[in-house]
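# The following comprises the amino acid sequence and a computationally predicted model.
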Amino acid sequence: MGNSMVTHNKYKSFMFFIRKYKVTELVPPQDLKEVFSKFTGGGSYVSAEQLHQFLVEHQAEKDCTLLDAEKIVKKVLQIRIRPQQETVNVDEKNIEQKLTLDDIFYFLRMDDFNNPLKAEVHHDMNAPLSHYFIYAGHNSYLTGNQLSSDCSEKPIIKALQRGVRVIELDLWPTFNKDDIKVDHGWTLTTPVSAIKCLESIREYGFVASQYPIIITIEDHLTRDLQAKFAEMATQIFGEMLYYPETDCLTEFPSPESLKNRVIISTKPPKECFEHNSIKDNDNFLMLSGSESSSSSESRGKESPDSMTGVKIEGTMAGVKFEGPMAEAKFEGPMAEVKIESTNGSDCDEGDINTWECDHKSYQRCSPDYKRIITIRNRKLKGSLKDKLKIDGELRRLSWSETTLEKASESHGADIVRFTQKNILRVYPNLTRVKSTNFKPHIGWMYGAQMVAFNMQGHAKPLWLMQGMFKANGGCGYIKKPPCLMQEHPCDNEFDPKRKQPVKKKLKVKVYMGHGWNLDFSPTHFDKFSPPDFFTKICIVGVPADYAKKKTKVVIDNWFPVWDEEFEFPLTVPELALLRIQVIHKDQGKGDFGGQTCLPVSELKLGFRSVPLYNKKGEKFKSVKLLMQFQFE
Ligand SMILES: [Ca+2]
Ligand SMILES: [Ca+2]
């Protein structure tokens, strides 16, 4: 029981000396020994019945049956055939159907059996789309930064394979104005054809999830090309393309009813209303401060987030601009690119467009194009309160992170109410030229369904996004918590910034970590010794719930044992994410040893094997933590 095998890691110190470090194989934590003893009545084996009891009572696996427990016993015995049985060649029936403490310890460390999250879709999927947080991408076609990277269908495919459900395409006329390309306007990105993007969405759209894909279009097309796009989409998607029979939806359809369907969300550009506005369409790279904001207005861009009304100053390798692009100077390394808005602090459509899109105007657009738009991006004139007014017709608003932050200071309750029926999309400020992201909770805590992220990055905000959408079986749709959907009497509205009473206390225990020796080279962390790991555990959610803890550093050990417990009082556990990161302590910031984010409301209780991911969000083959989760 718990027999530890002692081996040694050898490290060369400098030139001549070999230092040996004792490697102790993992042994079950004291907590597990006690629980084992409880369920076996002090015995050294656990039967299938006792295992069943352990799974139901300690691991809170309410639906687990005795048959499930028997299957686990069989499975573990198959993997862990004991040495004496190997030689005797006994058939399965004669193997004693019971497990030792070491077997249980082994089983609990297998994340495919003992993952901390439910693998299935388990939320009600029959509510209108506005009742869900939706996994959303921003400028989904970009491979790198927002200014000079290539456009390609590949990042779209990758996002879809990860379960992203909202894909953004910026549509522009090609040079000859006879076809449609996907490109980040006003920048040096190289385009990809719209057909390629749509075909990729058809091919890969439903590999990770059957729930609907929403294509948000940033539309810079002429009327003819809009018609062409409608034809293109209809041909490529066929039956997959959903659009409502009636002109006015009173409620969005549900994700369940839209399984394996593609829907389009956009608003028609202004040239539908003012036919003289697009004379210099092929010259869209013309960019100059004050002029650009007015030209963007005259084009009626749907796009909140392309480079309009923006002054670019900086450098991009080997490319120089002169002439009409008066404000854009590129001379120097990309890192120095500076962007500033010349028409206000941010450049969202709220500032650029003030036209109202009514039914009459829609009639004048390409009829087929208009028909295929299920979620209309439409904004109302007037004050912020007016913009958030709930009128009969459903719509989508698109705001930059800054616009949302400012609006939420004074109109939090209005935003929450708006998002109960309508859709709010929040996108990164366009100063994020390196494709970074913002704290996603600024959108989620006000009910914003589409917190649109640059998926090609790899930093903390993206880890939170990836972690959030591990919920509900990773299907890309998460039912919003009741606090965001309740129709409160006006003096009792949900305000995520106001401190609520503590609802639940989450207890997190981190026992140990393992697998780095298999996934990394012996000298990856320290050249001359095994790594020195510690674990950071944070809660990210509404401001009141934010917390940050860390374990001690375990020096020179590939199998760190921490055995430390942390408590997190939570006021809105429904929106909380548990962020876990292992760091090798080094000078400076330390070396990255793996990370994961887990939605607190989805945590399975008891002992759990928590797999860690790299900075891009790809799962490590072997690196895992053994943890325990409990609620009080
Ligand atoms: Ca865009
Ligand atoms: Ca070390």
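In hand now; what should we look at? Here the structure is a predicted model, which is why all the values come from computation and not from measurement. Residues are numbered from 1 along each chain as shown. Ligands and ions are numbered 1, 2, ... in the order given.
# Kindly report the residues of the stretch 1-150 of the chain close to ligand 1.
Listed as neighbours of ligand 1 in the stretch 1-150 of the chain under the rule C-beta under 5 Å from the ion: residue 139. Heads up, the C-betas are built off the backbone N, CA and C, glycines and all.
# ok and the residue in the stretch 1-150 of the chain nearest ligand 1?
Across the stretch 1-150 of the chain, no residue is closer to ligand 1 than residue 139, which sits at 4.7 Å (C-beta to the ion).
# Could I get the contacting residues of that residue?
Neighbouring residues of residue 139 by C-beta atoms under 8 Å, 6 or more residues apart in numbering: 146, 168, 170, 184, 305, 454.
# Identify the farthest-apart pair in those.
Pairwise distances across the contacts of residue 139 (C-beta to C-beta) peak at 13.4 Å, for the pair 170 and 454.
# Name the residue in these two with the higher neighbour count.
Taking other C-beta atoms under 10 Å, residue 170 and residue 454 do not tie; residue 170 has more neighbours (27 against 24).
# what's the closest non-adjacent residue to that one?
What sits nearest to residue 170 in space, not counting adjacent residues and going by C-beta to C-beta, 6 or more residues apart in numbering, is residue 218, at 4.1 Å.
# Secondary structure class of that neighbour, three-state.
Three-state assignment for residue 218 (DSSP: H, G, I helix; E, B strand; the rest coil): strand.
# swap in residue 593?
Following three-state DSSP, residue 593 is assigned to strand.
# So it sits against residue 585, correct?
No: Residue 593 is not in contact with residue 585 according to C-beta atoms under 8 Å; the separation is 9.8 Å.
# Find residues that contact each of the two.
Common contacts of residue 593 and residue 585 (C-beta under 8 Å, 6+ apart): residue 533.
# My guess is residue 548 contacts residue 540. True?
No: using C-beta under 8 Å, residue 548 is not in contact with residue 540; the gap is 9.4 Å.
# For those two, indicate the residue with more neighbours.
A count of neighbours by other C-beta under 10 Å puts residue 540 above the other of residue 548 and residue 540, at 24 against 11.
# ok, and the closest non-adjacent residue to the more buried one?
Closest to residue 540 by C-beta to C-beta, 6+ apart is residue 577, at 4.9 Å.
# How about the one you found: which residues does it bridge to?
Counting by DSSP bridges, residue 577 is bridged to residue 540, residue 599.
# burial of the closest residue in space to residue 571 that isn't next to it in sequence, as a residue count?
Distance criterion C-beta to C-beta, 6+ apart; nearest residue to residue 571, sequence neighbours excluded, is residue 500 at 4.1 Å. A count of nearby residues for residue 500, using other C-beta under 10 Å, gives 15.
# bridging residues for residue 611?
When bridges are called by DSSP bridges, residue 611 pairs up with residue 624.
# near ligand 2, which residues of the protein show up?
Contact residues, the chain versus ligand 2 (C-beta under 5 Å from the ion): 526, 529, 532, 556.
# top of these by neighbour count?
When neighbours are counted by other C-beta under 10 Å, residue 532 leads the residues of the chain next to ligand 2 with 20 neighbours.
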